[in-house]
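>>> Okay, predicted coordinates and the sequence, questions at the end:
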Amino acid sequence: MNRLQIHDVSVVYPAAQGGAPVTALSDVKLTINQGDLVVALGASGCGKTTLLNLIAGFISPTDGYLTLGDSNIPGYPRVSLGRDIGDEVTGPGADRGVVFQKHALLPWLNVIENTEFGLKLQGVDKEKRRARAAEFLKLVGLEDFHNHKTYQLSGGMQQRVGIARALTNDPQMLLLDEPLGALDALTRESLQELLLDVWNETNKMMFFITHSVDEALLLATRLIVMSPRPGRITHEFELDFNRQFLQCRDARKVKANPEFIAMKEKVLEIIHGDEEATEND
Ligand SMILES: Nc1ncnc2c1ncn2[C@@H]1O[C@H](COP(=O)(O)OP(=O)(O)OP(=O)(O)O)[C@@H](O)[C@H]1O
């Protein structure tokens, strides 16, 4: 079983000219198991993107460390009792796929060339990488768009290519930094459903950042709420609204569930409290 573990991690950004250092994350502990869809919510500046960048290996912790690995590989766990499974995360790797808010596709390549790009860099032969890219383009509903240039596609379709591209590398984990934030409401809903289908079908670990409480509650198996100054995880909730959605395929019905409404109120209260505290600082 794959697992990502974050062990007592802090991140301090050095002082900019004339300013003080910023403690973006303080003493963060988090375990993400195979099949977890962890969503991070929190007031602006609470360290969500810093946490994602750490998991992606784009930045290093000031204190603490992260591990990622498969407990079924002989030799693991390195330490008993299920802790320290896997290898220390020390930089970016193909085991983690990142989907950004802005898709970051290459405009001179068509859809399938963009999707297979990571495998091409890894030296996978053309037939193999085409077949894998086609498989994931089908999964995101773009099987008829292989030869389109990415700038000919709508924003939602471009994000679908970004998701297919990340999946084509077969990462253990998908990291998504507000991937739906720039989309109109209807496209956003259809991509939420797509992501739940992808999660359900692939059973990959996912770490997802959003500013939308509705989106967080609908998608998450575990919701973490973060607070700023210093950034830390203050609340964690186990949720099953995504399972409810996958059963009934009706997001509006799930969102009308009194439990959903009560959880939304609870989370909004936490976040608004943090925002007011920050404004009063
Ligand atoms: N490269 C950097 N150098 C210095 N400070 C930084 C840097 N990146 C982020 N910060 C600061 O670290 C804190 C956490 O930032 P981060 O972007 O991780 O928060 P966030 O929760 O993702 O915010 P938002 O919701 O606004 O995107 C903020 O105070 C931010 O100003």
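In hand now; what should we look at? Numbering: from 1, shown residues only.

>>> make it CA atoms for all contacts and neighbour counts henceforth
OK.

>>> Give me the buried stretch members for the helix or strand containing Glu279, please.
Assessed by DSSP states H and E, Glu279 sits inside helix 258-280. Of the residues in helix 258-280, those buried under the neighbour-count criterion (16 or more other CA atoms under 10 Å) are 260, 263-264, 267, 270-271, 274-275.

>>> Let me know the closest of those residues to Glu135.
Within the set of the buried residues of helix 258-280, Phe260 lies nearest Glu135; the separation is 34.5 Å, counting by CA to CA.

>>> could you say what helices and strands the helix holding Glu279 packs with?
helix 213-219, strand 222-227 (3 or more CA pairs under 8 Å, 6 or more residues apart in numbering; DSSP states H and E).

>>> Between the ones you listed, which one is closest to the ligand.
Taking CA to the nearest ligand atom as the measure, the helices and strands packed on helix 258-280 were each checked against the ligand, and strand 222-227 came out nearest at 7.8 Å.

>>> what's next to the helix or strand just after that closest one, contact-wise?
Downstream of strand 222-227, the next assigned helix or strand under DSSP H and E is strand 232-238. Residues external to strand 232-238 that are found in contact with it (CA atoms under 8 Å, 6 or more residues apart in numbering): 25-29, 46-47, 220-227.

>>> Would you mind naming what in the stretch 101-250 of the chain lies close to the ligand?
When proximity is defined as CA under 6 Å from any ligand atom, the stretch 101-250 of the chain does not approach the ligand at any residue.

>>> tell me the domain ranges of the protein?
2-95+171-280, 106-170 (automatic domain parsing).

>>> can you list the ones you listed in JSON lines and add mean pLDDT?
What follows is the domains of the chain, written out as JSON lines (pLDDT from 0 to 100):
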{"stretch": "domain 2-95+171-280", "mean pLDDT": "89"}
{"stretch": "domain 106-170", "mean pLDDT": "94"}
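
>>> Turn the helices and strands packed on helix 258-280 into JSON lines, columns for mean neighbour count.
Output for these, formatted as JSON lines (neighbours: other CA atoms under 10 Å):
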{"stretch": "helix 213-219", "mean neighbour count": "21"}
{"stretch": "strand 222-227", "mean neighbour count": "23"}
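
>>> For Leu142, which of those is the nearest?
When the helices and strands packed on helix 258-280 are compared by CA to CA, helix 213-219 sits nearest Leu142, at 22.2 Å.

>>> Might you quantify the distance of that closest one from its chain's geometric centre?
A distance of 13 Å separates the centroid of the chain from that of helix 213-219, by CA atoms, centre = their mean, to the nearest Å.
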